[in-house]
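> quick one: sequence plus predicted model below, questions after.
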Amino acid sequence: GKYRVVSTKSMPGTRWIRLLTDQDCRVEICTEKKTILSVEDILALIGEKCDGLTEDWSEVLFSALKRAGGTAFSNMAVGYNNVDVDAATKYGVAVGNTPPNPFLESANFRLLQVGVLTETTAELAASLSLAAARRIVEADQFMRAGLYDGWLPHLYDLNHTLVFYECQMVSLVQHRLIFFEWNDYPELVLPIAYGQFLQANGEQPVTWKRAATMEDVLREADVISLHPILDKTTYHLINKERLSIMKKDAILVNCSRGPVVDEAALVEHLKVNPMFRVGLDVFEDEPYLKPGLAELKNAIVVPHIASASKWTREGMATLAALNVLGKIKGYPVWADPNLVEPFLDENSPPPA
Ligand code: GLV
Ligand code: GLV
């Protein structure tokens, strides 16, 4: 192959490999057994000549990639807080991610619902909401501990009425905050959008209600599911003060990035509010939990699995490969690569 493309992790499926090898790329997959590679490991992988890669990226790595002649980098994730995009730009390296929907810019509102990881993430957010509300994990542990000695009217009951959960609604997550209100009335789950989302997209579904301020949302909501990108504006978005205005028996779900929530403040809040529950897929010091969190019954913790379906993960790998290919082969691009969007339209012809 004319181009050398290195993947720092073994990505699922074979389509991404075929896409690259069909286009004159030699694909190398890191065989290192560690989950997290060190800077030295990645520098060794880049070697003398390298065209594309995926992993956690800082300035030193982009400068090494540049020295090796590299021009493209793709994150196999929608979030790119692990990537120093400014450094990449400085070294002329294009950055791609695997956003919920590559057609976002040209799409109307409804098209947003067909993304590579959107539904899968929505599904986990819904699962965590329901599991937290129905105390599934606690109840499971209770059974396994042999504590169930017969049916009782109040055993693991809850204040919330379980309602039909409109998963599709959860899917409107790209780079925005979406909040859900879980009414006590079983016929409806009203998602509340807070932030720029509705303005940016014009068309509004009738069930959406625009909240005046984030504080209003927090005060009203029974369930809040967080889906922003992590940046300076969303760091500790949910902090001690905001937790304190939420309902005492509210449910908070985070499938975005750990630092969006002040996790130490959350641990304190959970300790003094036993009816408050959380479902967390991401953590501030991932893969570690803040002290005290693991001991709390009102917290459900899972290991960053929101996008974990075979279809989604293979789709993400494919998008990551397309990002790198798009740059090195000069295909038409969707957007400025450094805007961190996938930039290859798979259906458009290669340049003449
Ligand atoms: C997963 O966390 C992602 O950003 O895709
Ligand atoms: C509970 O098992 C019921 O029958 O209501």
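On my side now, so go ahead. These figures come from a predicted structure and were not determined experimentally. Ligands and ions are numbered 1, 2, ... in the order given.
> and the gap between Gly326 and Ala320?
Counting by Cβ to Cβ, to the nearest Å, the gap from Gly326 to Ala320 is 11 Å. Every residue, glycine included, has its C-beta placed from N, CA and C.
> shared neighbours, those two?
Jointly contacting Gly326 and Ala320 under the rule Cβ atoms under 8 Å, 6 or more residues apart in numbering are Gly96.
> helix, strand or coil for the residue nearest the centre of the chain?
Nearest to the mean C-alpha position of the chain, counting by Cα atoms, centre = their mean, stands Ser256 at 4.4 Å. Following DSSP: H, G, I helix; E, B strand; the rest coil, Ser256 is assigned to coil.
> give the contact list for it.
79, 226-230, 234, 282.
> could you dump those to CSV with distance to Ser10, pLDDT and neighbour count?
Output for these, formatted as CSV (distance: Cβ to Cβ, whole Å; pLDDT from 0 to 100; neighbours: other Cβ atoms under 10 Å):
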residue, distance to Ser10, pLDDT, neighbour count
Gly79, 20, 80, 19
Leu226, 30, 81, 22
His227, 28, 72, 27
Pro228, 30, 72, 21
Ile229, 26, 73, 21
Leu230, 26, 81, 18
Thr234, 31, 81, 20
Val282, 22, 96, 23
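> what about these, which are in strands?
Members of the contacts of Ser256 lying in strands (criterion: DSSP state E): Leu226.
> what does stretch 300-313 rub up against?
For stretch 300-313, the surrounding residues in contact (Cβ under 8 Å, 6+ apart) are 11-13, 77-78, 116-117, 119-121, 123-125, 128, 131-132, 136-137, 255, 277-283, 286-287, 289, 293-294, 316.
> mark which of those are buried, thanks.
Buried by 16 or more other Cβ atoms under 10 Å: 11-12, 77-78, 116-117, 119-121, 123-125, 128, 131-132, 137, 255, 277-283, 289, 293, 316, out of those.
> stretch 76-89 near ligand 1 at all?
Yes. Residues of stretch 76-89 contacting ligand 1 under Cβ under 6 Å from any ligand atom: 77-79.
> now that stretch, how far from the centre of its chain.
In terms of Cα atoms, centre = their mean, to the nearest Å, the centre of stretch 76-89 is set 14 Å apart from its chain centre.
> one more: stretch 219-239?
Put simply, stretch 219-239 sits 13 Å off its chain's centre (Cα atoms, centre = their mean).
> and Val206, what pLDDT?
Val206 carries a pLDDT value of 34.
> now stretch 4-14: buried residues?
4-8, 11-12.
> any idea how far apart the tips of it sit?
With Cα to Cα, to the nearest Å as the measure, the ends of stretch 4-14 fall 17 Å from one another.
> and what of stretch 302-320?
End-to-end distance (Cα to Cα), stretch 302-320: 25 Å.
> ok, back up a step: out of the contacts of Ser256, which comes closest to ligand 1?
Of all those, ligand 1 sits closest to Gly79, with 3.3 Å by Cβ to the nearest ligand atom.
> backbone dihedrals for that closest one, please?
phi -70, psi 140 (degrees, to the nearest 10).
> how close does the closest residue to it other than its chain neighbours get to ligand 1?
Nearest non-adjacent residue to Gly79, counting by Cβ to Cβ, 6 or more residues apart in numbering: Arg257, 5.6 Å away. In this view, Arg257 and ligand 1 are 7 Å apart by Cβ to the nearest ligand atom, to the nearest Å.
> so what's Arg257 up against?
Residues in contact with Arg257 (Cβ under 8 Å, 6+ apart) are 79, 81, 229-230, 282.
> now do Lys247
Taking Cβ under 8 Å, 6+ apart, we find Lys247 in contact with 219, 221-222.
> can you rerun that using 7 Å?
Residues near Lys247 by Cβ atoms under 7 Å, 6 or more residues apart in numbering: Asp222.
> three-state assignment of it?
Judged by three-state DSSP, the three-state class of Lys247 is coil.
> check what pLDDT it gets.
pLDDT, read off for Lys247, is 88.
> Ala221 touches Ala250, doesn't it?
Yes. With contact defined as Cβ atoms under 7 Å, Ala221 and Ala250 form a contacting pair (6.2 Å).
> interface residues of the stretch 251-352 of the chain facing ligand 1?
Ser307.
> element containing the single nearest residue of the stretch 251-352 of the chain relative to ligand 1?
Taking Cβ to the nearest ligand atom, ligand 1 has its nearest neighbour within the stretch 251-352 of the chain at Ser307, 5.1 Å off. Using DSSP states H and E, Ser307 sits within no helix or strand.
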